[in-house]
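Student: The following block contains a protein sequence and its predicted model.
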Amino acid sequence: MDNVELFQRLGLAIAIGAAVGVERHWRERDEPEGARTAGIRTFTMFGMAGGVAGLIERSFGVASGYPGIALTGFLIAIATVMAVFEMREAIAEKSYSVTSVIAAILTFGLGALAALGDMALASAGGAALITILASREFLHAAIRRLQWIELRSAVILLAMTFVLLPIIPDTPYGPFGGVSPKSIVLLVIMLASISFAGYVAVRMFGSTRGDVLAGAIGGLVSSTGTTVAFARRSRAGEAGLTLIAGAISAGAVSLLRTALLVATLAPALLPALLWPLIVGAGVLAFYALILARRHQAAGGSGVPANPFELAAVARMAFLLAGVAFLARAASQQFGDAGLIFVSALSALADVDAATVTVAGLLPKLDAGLAAQAIGIAVLTNMAAKAVYASLFGSLRFSLHLWAATLLSGAASLAAWALSGIV
């Protein structure tokens, strides 16, 4: 390692300490000199100490036969000094906080990482540390507002994602490609995440903006799943217009996402499909905007009673997995000759699968047939979401979704006809 890199590593360690020190000093900037335990100068030196300890360890630690002794000695000294002075400050101010001590230890550790390990990782760790320290008021306010049902739902979602999912086998079982248990768990996590995101958005931005925003975000992941999640909430008696606007927004985003997929995977089909998709998305977005404004004018409000019900989410995940399995079975039975039928069937769960499949058959497949297959898949998916709304949602929810679907579908077909495809 040359001297230039050594200077870079030590400089990064000092910069991390200085950045943390700015946040610590700013928080106690009104205190007189000598009244604070550690500020910008002290934390800058903590970072520098970590860098120096790391460089000493790199140069002499292994050769001396006692690896880690430099880091250990520096860390014990810094932690001891910081703890003693922080304790004196806490006694004087009658406060109980160990944040500055932990921040000092982490600053030293990140400085050592900058000297010994990955500099990008050390930089990211420093940014994360400053973000956590600077977010004290926000985090404390969020905890004060947190309800037990929200905490329980978050714990369940995290457990499914980071505990259950890694141990679930992904080997498909059954004929026609089978069904993977991991894919079902992924669907459960996706649907639960959409519902949870909608709940958080409503709590943060109010029901009018929250549901529409959550629907648009959900449309980036799965407009079908978003529609079902919102439909279930409408049947539970929650605010109808904003949920409908959110579900319709998800459909608009889904059409735009399909246009992006076509532009990326099959640009030759874009002239035929771009305007139908944009027109359909525009109609849905306009319909959603009208509903949101009506709700706002009426002074509507409301927060979901529960972020998600795991049993209901699991049932919907099994339903979507079953539909996808039937689509694969039909694909193997009918082959390319039944491309349009297979595309329509697979779109009962997700239009992306049909789009990717058709794009993969180009350029061997006729462009006109490919455009028709994707167009039929899009229309089928829109109709399927309206059917799901009728099955799982309230009457008001399903009627509005059917109206928006028919208007958007008619506008898309008109644009499609003008493009010369039909």
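Tutor: Perfect, thanks for sending it. Residues are numbered from 1 along each chain as shown.

Student: hmm, who's touching the helix or strand where residue 129 lies?
Tutor: Element membership for residue 129 (DSSP states H and E) is helix 119-134. With CB atoms under 8 Å, 6 or more residues apart in numbering as the test, helix 119-134 has contacts from 8-9, 12-13, 15-16, 19-20, 23-24, 99, 103, 106-107, 110-111, 113-114, 139. (Glycine included, C-beta is placed from N, CA and C.)

Student: Run the chain-centre distance for it.
Tutor: The chain centre lies 20 Å from the centre of helix 119-134; the measure is CA atoms, centre = their mean, to the nearest Å.

Student: Now do the residue lying closest to residue 39 once chain neighbours are set aside against residue 234, distance only.
Tutor: In space, and not counting its chain neighbours, residue 39 is closest to residue 25: 3.7 Å by CB to CB, 6 or more residues apart in numbering. Distance of residue 25 to residue 234, given as CB to CB, to the nearest Å: 51 Å.

Student: Which one's more surrounded, the two?
Tutor: More crowded of residue 25 and residue 234, by other CB atoms under 10 Å: residue 234, with 25 against 19.

Student: Can you list the low-confidence ranges for the stretch 51-200 of the chain?
Tutor: Counting by pLDDT under 70, the stretch 51-200 of the chain shows low-confidence ranges at 61-67, 93, 96, 176-177, 191, 194-195, 198-199.

Student: ok, which stretches of it are helices?
Tutor: For the stretch 51-200 of the chain, the helices defined by DSSP state H, counting those that start in this stretch occupy 69-93, 99-116, 119-134, 136-145, 148-159, 165-167, 181-221.

Student: okay, the third one in CSV with CA atoms only?
Tutor: Output in CSV follows, covering the C-alpha atoms of helix 119-134 (Å, rounded to 0.1, in the frame of the first residue of the first chain):
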residue,chain,number,x,y,z
MET,A,119,-13.5,2.6,2.6
ALA,A,120,-16.9,2.7,0.9
LEU,A,121,-18.4,0.7,3.7
ALA,A,122,-16.8,3.0,6.3
SER,A,123,-18.3,6.0,4.5
ALA,A,124,-21.7,4.4,4.4
GLY,A,125,-21.5,3.5,8.1
GLY,A,126,-20.6,7.1,8.9
ALA,A,127,-23.5,8.5,6.9
ALA,A,128,-25.8,6.0,8.7
LEU,A,129,-24.5,7.0,12.1
ILE,A,130,-25.1,10.7,11.4
THR,A,131,-28.6,10.0,10.1
ILE,A,132,-29.5,8.1,13.2
LEU,A,133,-28.1,10.8,15.5
ALA,A,134,-29.8,13.6,13.7
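
Student: just the angle between that helix and helix 136-145, please?
Tutor: 60 degrees (axes from the mean of the first three to the mean of the last three CA atoms, to 10 degrees).

Student: Now do helix 119-134 and helix 99-116, the angle between them.
Tutor: With the same axes, to 10 degrees defining the directions, helix 119-134 sits at 170 degrees from helix 99-116.

Student: What residues sit buried inside helix 119-134?
Tutor: The neighbour-count check on helix 119-134 (16 or more other CB atoms under 10 Å) flags 119, 122, 123, 125, 126, 129, 130, 133 as buried.

Student: which among the residues you listed gets closest to residue 261?
Tutor: Nearest to residue 261 among the buried residues of helix 119-134: residue 123, at 34.5 Å, using CB to CB.

Student: Check the contact between residue 165 and residue 185; I expect there is one.
Tutor: Yes: Residue 165 sits in contact with residue 185 when judged by CB atoms under 8 Å, with a separation of 5.5 Å.

Student: Looking only at neighbour counts, state which of the two leads.
Tutor: Shown here are residue 165 and residue 185; by other CB under 10 Å, residue 185 has more neighbours (19 against 15).

Student: what's the nearest residue to the more buried one if we skip its chain neighbours?
Tutor: Residue 185's closest residue in space is residue 168 (CB to CB, 6+ apart), at 5.1 Å.

Student: Quick check: the gap between the one you found and residue 350.
Tutor: 20 Å.

Student: Next: residue 388.
Tutor: Taking CB to CB, one finds residue 388 at 12 Å from residue 350.

Student: and what of residue 14?
Tutor: 51 Å.

Student: can you check residue 157 too?
Tutor: Counting by CB to CB - residue 157 and residue 350 are separated by 21 Å.

Student: Same question for residue 416.
Tutor: Taken as CB to CB, the span from residue 416 to residue 350 is 21 Å.

Student: Walk me through the domains of this protein.
Tutor: The chain is divided into the following domains under automatic domain parsing: 3-142, 147-418.

Student: Residue 168 and residue 350: who's more crowded?
Tutor: Taking neighbours as other CB under 10 Å, residue 168 and residue 350 compare with residue 350 leading, 22 against 14.

Student: so what's the nearest residue to that one once chain neighbours are set aside up against?
Tutor: Counting by CB to CB, 6+ apart, residue 350 lies nearest to residue 224, which is 6.1 Å off, once chain neighbours are set aside. Listed by CB under 8 Å, 6+ apart, the contact partners of residue 224 are 320, 349, 350, 381, 384, 385, 388.

Student: ok, those vs residue 83, which is closest?
Tutor: Looking across those and measuring by CB to CB, the closest to residue 83 is residue 320, at 54.1 Å.
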